[in-house]
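In: just a sequence and a predicted model for now, questions to come.
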Amino acid sequence: MICLAAAVAHPGRGGGLGDGGGAPVRSRVVEVEDAQATSAFEPQPAIVQDMVDRALLKLTGKEDVVQAWRTVVATQDVVGLKVYCAPGPTSGTRPAVVSAVVRGLLAAGLPPHNIIIWDRQQADLRAAGFDEVAQRYDVRVAGSANSGYDEKVFYDNELPGELGSGDFEFDKYGNKTGRKSYVSKLLTGGMTKIITITPLLNHNLAGVTGNLYSLATGSVDNISRFESKAGRLAKAVPEIYALPALSDHVALSMTDALIGQYQGENMSLLHYSTALNQIWISKDPVALDVLAIQELDRERQARKMSAGSPNAELYEIAWELWLGVNDPAKVQVDLVK
């Protein structure tokens with residue numbers, strides 16, 4: 001088990017995490033499970049579609065999927081679906097889950113051009129099969145690092161990083177190091193809503209390659225300076241996520257828990273994986289991530305393996321920044337089978 005919170009709760013605020021009167025903050029996560037969702041670790045698209053639809057209906061309280069999606073996005077929105085695809089299509093965000101979301105958005109009336117499947121690198125998206133998804137539904141696919149960076153929107157951290165090719169300040173004015181991480185123009189150039197869709201995948205320093213880590217590290221440059229130590233990630237990930245260019249636009253967070261991989265990080269290691277056959281959704285990315293860390297530890301314990309490193313500081317800072325609830329005891333989980 002993992003303890004990820006102090007005993008006190010923040011007062012209410014936006015995003016449905018409180019009532020504005022100082023009541024204890026609670027969050028809600030919907031988990032939908034179907035034992036037939038995968039076969040030999042391969043997602044079954046029709047079942048996955050049904051799971052995503054049922055999860056959204058339960059979360060929104062609507063009886064119609066179109067109306068449910070319209071509580072999340074408007075037809076004029078430009079919606080970015082942030083995936084995590086470096087481990088490939090089996091252990092990263094699975095194209096079947098993203099396709100289910102795309103179909104829902106299209107049914108809700110969004111023009112195909114207003115839907116962007118994105119991650120840091122275009123090459124990773126292609127290797128994971130998202131070019132085919134984009135072609136099938138006539139939506140866009142884009143790499144944030146391939147889209148350039150906005151010189152007016154950045155995260156400033158006292159820790160200098162060694163700049164590399166592709167970083168905004170690389171070789172600019174003779175710079176070899178920089179303390180700023182610039183936000184991709186992909187986000188600042190008209191994207192109005194973000195839906196994060198992340199795999200249930202361990203991360204050796206962040207605990208889980210979750211909704212916070214995926215969006216924060218996928219949106220800015222000069223990020224490698226934080227990747228060597230857990231304490232550096234603990235500070236940088238929530239602070240980057242909290243930038244208005246990111247957090248103000250997050251409309252929904254999802255965990256692709258069809259398969260839980262408890263070892264391996266960016267490598268696809270199915271012998272360290274469990275077919276959970278679940279989809280989780282919430283308005284609270286922190287709640288999703290702390291539940292994900294707990295689940296990965298359950299999988300390790302079942303195999304008599306050592307517990308992972310949860311990096312509780314990261315999720316406590318996220319809570320302090322009012323990004324969500326980091327105490328599993330304050331998360332209402334609705335399980336739909």
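Out: Thanks, I have it.

In: export the lengthiest helix in the chain as PDB, just CAs?
Out: Longest helix in the chain by number of residues, with DSSP state H as the criterion: helix 285-302. Provided in PDB are the C-alpha atoms of helix 285-302 (Å, rounded to 0.1, in the frame of the first residue of the first chain):
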ATOM      1  CA  PRO A 285      -5.500  13.300 -13.100                       C
ATOM      2  CA  VAL A 286      -3.900  13.100  -9.700                       C
ATOM      3  CA  ALA A 287      -6.500  10.600  -8.400                       C
ATOM      4  CA  LEU A 288      -6.000   8.400 -11.400                       C
ATOM      5  CA  ASP A 289      -2.300   8.400 -11.000                       C
ATOM      6  CA  VAL A 290      -2.200   7.500  -7.300                       C
ATOM      7  CA  LEU A 291      -4.700   4.700  -7.900                       C
ATOM      8  CA  ALA A 292      -2.500   3.500 -10.800                       C
ATOM      9  CA  ILE A 293       0.500   3.400  -8.500                       C
ATOM     10  CA  GLN A 294      -1.500   1.300  -6.000                       C
ATOM     11  CA  GLU A 295      -2.600  -1.100  -8.700                       C
ATOM     12  CA  LEU A 296       0.900  -1.600 -10.000                       C
ATOM     13  CA  ASP A 297       2.100  -2.400  -6.500                       C
ATOM     14  CA  ARG A 298      -0.700  -4.900  -6.100                       C
ATOM     15  CA  GLU A 299       0.500  -6.600  -9.200                       C
ATOM     16  CA  ARG A 300       4.100  -6.800  -7.900                       C
ATOM     17  CA  GLN A 301       2.900  -8.000  -4.500                       C
ATOM     18  CA  ALA A 302       1.000 -10.800  -6.200                       C
END
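
In: which residues of the protein score low on pLDDT?
Out: Where the chain drops to pLDDT under 70, the residues are 1-25, 174.

In: most centrally placed residue in it?
Out: Nearest residue to the geometric centre of the chain (CA atoms, centre = their mean): residue 211, 2.5 Å.

In: so what does the next helix or strand after the longest helix of the chain touch, helix or strand wise?
Out: Under the assignment DSSP states H and E, the closest C-terminal helix or strand after helix 285-302 is helix 312-320. Judged by 3 or more CB pairs under 8 Å, 6 or more residues apart in numbering; DSSP states H and E, the packing partners of helix 312-320 are helix 211-219, helix 230-241, helix 285-302. Placement of C-beta: from N, CA and C, glycine included.

In: how big is the angle separating helix 312-320 from helix 211-219?
Out: Put simply, helix 312-320 runs at 90 degrees to helix 211-219, going by axes from the mean of the first three to the mean of the last three CA atoms, to 10 degrees.
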